[in-house]
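>>> Sequence plus predicted model, see below.
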Amino acid sequence: MITFSAARRMRNSEESAVTLIAIDDDPLSLELISDALEQANLKILTATDPQAGLVLIREKRPEIVLLDLLMPGVSGMELLEKILEFSPESEVILVTGHYSTESAVEAIRKGASDYITKPLSVPQLRQRIDALIASAQRRRTAARLDSELLQASEFEGIVGRSPEMLDVFSRIRRVAPHFKTVLITGETGTGKELVARAMHRLSPAASGPFAVCNASAVVETLFESELFGHKRGAFTGATQDKMGLFEYATGGSVFLDEIGDMPLSTQTKLLRVLQTHEVQRVGALESRKVDVRVIAATNRPLRTMIAEKQFREDLYYRLSMVEIKLPILAQRKEDLAILVQHFVDRYATQYRKSVRRVTSRALMILSRHPWPGNVRELENVIGNACMMTAEETIDVPDLPEYLTVKSDEIRYEDALDIPLDEVERRHAARVLASVGGNKVRAAKILGIDRGTLARLVAGQHSK
């Protein structure tokens, strides 16, 4: 009689066992493999038919595959390529009775982890399989630790464990309970709105509204109405009284994104609101008291804008009493792997897919990219890959072409033979692709206007 605890231990042992699938048209060879490798931490499945073996591999996703090189009607090399297409993490060992250096090199080049000859040496086979079992168990442990690390590295919805991000988290914790105004600076895609929301949630105003105004998206003539409200009849189209963002957010926080794009006339009135804690609707005579925390953000160099008379110096000092500067992704590459897993988990859930991770070779390509669009670009890449892949892992073919096609990369030495117009065109096209085709965002990264960007990408250059 098997007790409940014994049954549970058996089930846990089966779940923790490494899976090996052997495919060979010779039943005696499969019997030898099964007998030689039998052990508690290894689950062995076999198939004499190559197509049945492929179905088994697709279903079980084994850590190890033993594959005969020569079988009737199909080449082991062909099977190797098919296996690695949908199970790229499997360690595939090719087995053959006809060894040649050429075929061994080809097998390794196509992704096989090893190449052994028949008749099989049982001690040698056990030694190699034991090494692969140990490697598979280490990867499982690493995956579990990565999952725990991801949970430990998340702060108010922001993911990071680099020294730069730990410093940001520390500043948020210290500032959030006390601030009235704060300035968040950083390049496009670094997560400024996430920080703003974290500041609000950790502040005494957390139970109040969180109102957002993107200054770059508001028509200049409507700024005052959006922020401070208006009276009926104040201007053409003002058919009724309207509450502004500051009144709506009283008791909470106002997030002024891209504040560097705010007109000077509105900057003057914003400064007055910050000084008096009162707003005056457009067309109104009376003022109204407001109690809001103001979080401003920008990717523009405000000090340079002050020197060029494009931003008020007194407003800058009022907002930047506390400044939180966010690092670009290239400065926190140690966060890349956990950010990738974070986005895989998010989009697998959102798209109801069984995607679990990114292969090591795909992660290597991601780690080489400079990420001009920062975390937002990375999120777009992983979100798209989760949507497109039909497998449980994201591999190199699932990544955007601009990350994987090396022919479009321009090294300095190569650029010496390329016209400057073409270098500019390729760079503009890559930046545009990196931000998902968003021309406004790409133009900001490049420091040009949208018209110039369109001409660059089209290969049209002003004379």
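On my side now, so go ahead. Residues are numbered from 1 along each chain as shown.
>>> which parts of stretch 161-173 are buried?
Buried residues in stretch 161-173, counted by 16 or more other Cβ atoms under 10 Å: 161-162, 165, 168-169, 171-172. Quick note: C-beta positions are derived from backbone N, CA and C, even for glycine.
>>> Stretch 228-244 too?
For stretch 228-244, burial by neighbour count (16+ other Cβ under 10 Å) applies to 228-231, 234, 238, 242, 244.
>>> which outside residues touch it?
The list of residues contacting stretch 228-244 from outside it, by Cβ atoms under 8 Å, 6 or more residues apart in numbering, reads 224-227, 245-247, 269, 273, 279-284.
>>> of those, buried ones?
Of the contacts of stretch 228-244, these count as buried by 16+ other Cβ under 10 Å: 224-227, 245-247, 269, 273, 279-283.
>>> Give me the subset of those lying in strands.
Per DSSP state E, strands hold the following members of these: residue 279.
>>> rewinding a little: how about the buried residues of stretch 161-173 in a markdown table, adding secondary structure and pLDDT?
Converted to a markdown table, the buried residues of stretch 161-173 look like this (DSSP: H, G, I helix; E, B strand; the rest coil; pLDDT from 0 to 100):
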| residue | secondary structure | pLDDT |
| --- | --- | --- |
| 161 | coil | 91 |
| 162 | coil | 92 |
| 165 | helix | 94 |
| 168 | helix | 95 |
| 169 | helix | 95 |
| 171 | helix | 95 |
| 172 | helix | 96 |
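>>> I'd like those residues as a markdown table, with distance to residue 254 appended.
Shown next, in a markdown table, are the buried residues of stretch 161-173 (distance: Cβ to Cβ, whole Å):
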| residue | distance to residue 254 |
| --- | --- |
| 161 | 31 |
| 162 | 30 |
| 165 | 25 |
| 168 | 21 |
| 169 | 23 |
| 171 | 20 |
| 172 | 18 |
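>>> which of the residues in stretch 321-335 are buried?
Residues of stretch 321-335 classed as buried by neighbour count (16+ other Cβ under 10 Å): 322, 324, 326-329, 332, 335.
>>> scratch that, stretch 342-362 is what I was asking about
Of the residues in stretch 342-362, 342-345, 347-348, 353, 355-359, 362 count as buried by neighbour count, 16+ other Cβ under 10 Å.
>>> Could you pull out the strands in the stretch 301-450 of the chain for me?
For the stretch 301-450 of the chain, applying DSSP state E, counting those that start in this stretch gives strands covering 323-325, 357-358, 393-394.
>>> helices and strands around whatever helix or strand residue 29 lives in, which ones?
According to DSSP states H and E, residue 29 maps onto helix 27-37. When contacts are defined as 3 or more Cβ pairs under 8 Å, 6 or more residues apart in numbering; DSSP states H and E, helix 27-37 packs onto strand 18-23, strand 42-47, helix 122-152.
>>> Pick the most deeply packed of those.
Neighbour counts (mean count of other Cβ atoms under 10 Å) averaged over each of these peak at strand 18-23, with a mean of 24.
>>> ok, and what's touching that strand?
Contact with strand 18-23 is made by 30, 33-34, 37, 41-48, 50, 53, 56-57, 60-68, 71, 79, 129, 132-133, 136-137, as judged by Cβ under 8 Å, 6+ apart.
>>> that older thread, including distance to residue 371 and pLDDT, could the buried residues of stretch 342-362 go into a markdown table?
Shown next, in a markdown table, are these (distance: Cβ to Cβ, whole Å; pLDDT from 0 to 100):
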| residue | distance to residue 371 | pLDDT |
| --- | --- | --- |
| 342 | 15 | 94 |
| 343 | 13 | 95 |
| 344 | 17 | 95 |
| 345 | 20 | 93 |
| 347 | 18 | 95 |
| 348 | 22 | 93 |
| 353 | 24 | 91 |
| 355 | 21 | 91 |
| 356 | 23 | 88 |
| 357 | 20 | 88 |
| 358 | 15 | 92 |
| 359 | 19 | 87 |
| 362 | 15 | 89 |
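>>> I'd like to know which of those residues is nearest to residue 300.
Nearest to residue 300, judged by Cβ to Cβ, of these is residue 343 at 27.1 Å.
>>> Find the residue closest to the closest one in space, skipping its chain neighbours.
residue 382 (3.8 Å; Cβ to Cβ, 6 or more residues apart in numbering).
>>> now the helices: where do they sit in the stretch 201-350 of the chain?
Here the stretch 201-350 of the chain has its helices, by DSSP state H, counting those that start in this stretch, at 223-228, 245-248, 264-276, 302-307, 313-319, 336-350.
>>> averaging pLDDT over each of those, which comes out lowest?
Lowest mean pLDDT of the helices of the stretch 201-350 of the chain: helix 223-228, a mean of 88.
>>> Backbone dihedrals for residue 69, both of them.
Backbone torsions for residue 69, taken as degrees, to the nearest 10, come to phi -80, psi -40.
>>> do the one 10 residues further on as well
Backbone geometry at residue 79, expressed as degrees, to the nearest 10, gives phi -60, psi -40.
>>> Would you check how far apart it and residue 89 are?
17 Å (Cβ to Cβ, to the nearest Å).
>>> quick one, which of the two is more surrounded?
Neighbour tally, residue 79 and residue 89, criterion other Cβ atoms under 10 Å: the higher count belongs to residue 79, 23 against 18.
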